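Colleague: I'll drop the sequence and a predicted model, then ask my questions.
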Amino acid sequence: MNIYFGENIKKFRKERKLTQEALAEYLDVSFQTVSKWERGEGYPDITTLPVISTFFGVTLDELFGVNRAETEVKLVSMLEKYDNLCDVDMRKTLLDELLQIAPNDFRILLRELSYLIHFCDNKISAKRIHTLYDNIQNNCNNDRIRISATRHMIYYYADLAKTNDSTISFSDVEDLLRNMPCMRDGQEFIASYLYPRDHPSYYQNIQEAIEESICLLDTSVSHYYLYDENFSIEYKINILERTLKIKHMIYDDGNYGEQWQSVIYSYGHLGYLYFQKGSTEKALENLKTSVALAKEYDTLERITIMHSQLFEGRKFDKHKLGSTYMATSRMKDLMSEKYPLSESFKSSNEFKELLEILNS
């Protein structure tokens, strides 16, 4: 249980407009002692605690922040649940609950910033977005939260820079990018070689760095070719098939870990690319593989143990990809509505059979 004695006694002292010296004189201790208490470097003698609680008119539980500790446990659980949701409406409901419980908690404000930027009308939310960002940058002392907030603002500015009626240009995006850490300054990369070999987390850190590197590579390569019309369909097919071969080699046990979504979608992308090329047979072949993998993913236990050579013994938690994420539902939506397939192709018996598998 977390103890918040130091923070609380400082808060109560300031509410009374007392200096450390004045409180120390009342308690018959040195002001250095009070200073240590407030910094969390020590606690009063047990006989002094009732005197302090009486002086401030609070209970010992309030003095030590027991209720706050209980709230913290609840918040951590709710934040984990929020991060594991992929349904936008469910996220909004839970975010509102979090803001009611702790409206000034920077962890929650960061998630509100992210929600407004990625899921709401930016023009309507613009004032709140800037207020949240400035608050985090100016008042939060957690570097990780401030860096994450900047990352979200980069996406926000990048979208604004694309519009004609915005005062934001891409140079503003570049200014924010220059303040972001380089890849080698990242937590996973440093931990992968810094931990001693006899540390229990040594191999886990290396595996996390490898998997994060694969995720970064996959994202970068995808944006490089898949959504760029300067590349031909043949080129895109070739690159997709090559990256899939790499993933099959790395995840040789068939458990793709954090790459499950990417692998499923890659076969789906190959399906519609082959269709655009005019190869109906190859299109159906890849869509069939995508559907089979989606079904396999949805039947996995939440926690599975990976057995590929690089990830032997690594635990994969499906909730890292979203606790409400269903691959079959997503593939059904993509194949029925999103992929550029003709109505005649979608009315074929082979395609209808794939949709029936997704529905079963």
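Modeller: Nice, I can see it.
Colleague: Which pLDDT does the model give residue 2?
Modeller: Per-residue pLDDT puts residue 2 at 56.
Colleague: wait, I meant residue 67
Modeller: As predicted, residue 67 sits at a pLDDT of 69.
Colleague: Identify the residues contacting the residue nearest to residue 300 when sequence neighbours are not counted.
Modeller: Leaving aside its sequence neighbours, residue 300 sits nearest to residue 318 (C-beta to C-beta, 6 or more residues apart in numbering; 6.2 Å). Glycine gets a C-beta too; all of them are placed from N, C-alpha and C. Residue 318 makes contacts with 297, 300-304, 325, as judged by C-beta atoms under 8 Å, 6 or more residues apart in numbering.
Colleague: for residue 250, same thing?
Modeller: Here residue 250 is in contact with 214, 308, 310 (C-beta under 8 Å, 6+ apart).
Colleague: can you give me the helices for the stretch 151-300 of the chain?
Modeller: Under the criterion DSSP state H, counting those that start in this stretch, the stretch 151-300 of the chain carries helices at the ranges 170-178, 187-194, 202-225, 233-250, 260-277, 280-299.
Colleague: Rebuild those as TSV, extending it with distance to residue 97.
Modeller: Formatted as TSV, the helices of the stretch 151-300 of the chain follow (distance: least, C-beta to C-beta, whole Å):
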stretch	distance to residue 97
helix 170-178	31
helix 187-194	29
helix 202-225	30
helix 233-250	38
helix 260-277	27
helix 280-299	28
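Colleague: now, of these, which is deepest in the fold?
Modeller: The highest mean neighbour count among those, using mean count of other C-beta atoms under 10 Å, belongs to helix 260-277: a mean of 21.
Colleague: related to what we said a few turns ago, filter the contacts of residue 318 down to just the buried residues.
Modeller: 297, 325 (16 or more other C-beta atoms under 10 Å).
Colleague: Which of the contacts of residue 318 fall within strands?
Modeller: 303-304 (DSSP state E).
Colleague: wait, which of the contacts of residue 318 is closest to residue 242?
Modeller: Nearest to residue 242 among these: residue 297, at 22.6 Å, using C-beta to C-beta.
Colleague: quick one: terminal-to-terminal distance for stretch 17-32?
Modeller: End-to-end distance for stretch 17-32, by C-alpha to C-alpha, to the nearest Å: 18 Å.
Colleague: Okay, buried residues for it please.
Modeller: For stretch 17-32, burial by neighbour count (16+ other C-beta under 10 Å) applies to 18, 20, 23-24, 27, 29.
Colleague: picking up where we left off before, and the residue nearest to residue 300, how far is that from residue 215?
Modeller: Plainly put, residue 318 is 16 Å away from residue 215 if you go by C-beta to C-beta, to the nearest Å.
Colleague: Repeat that for residue 164.
Modeller: Residue 164 is 34 Å from residue 215, where distance means C-beta to C-beta.
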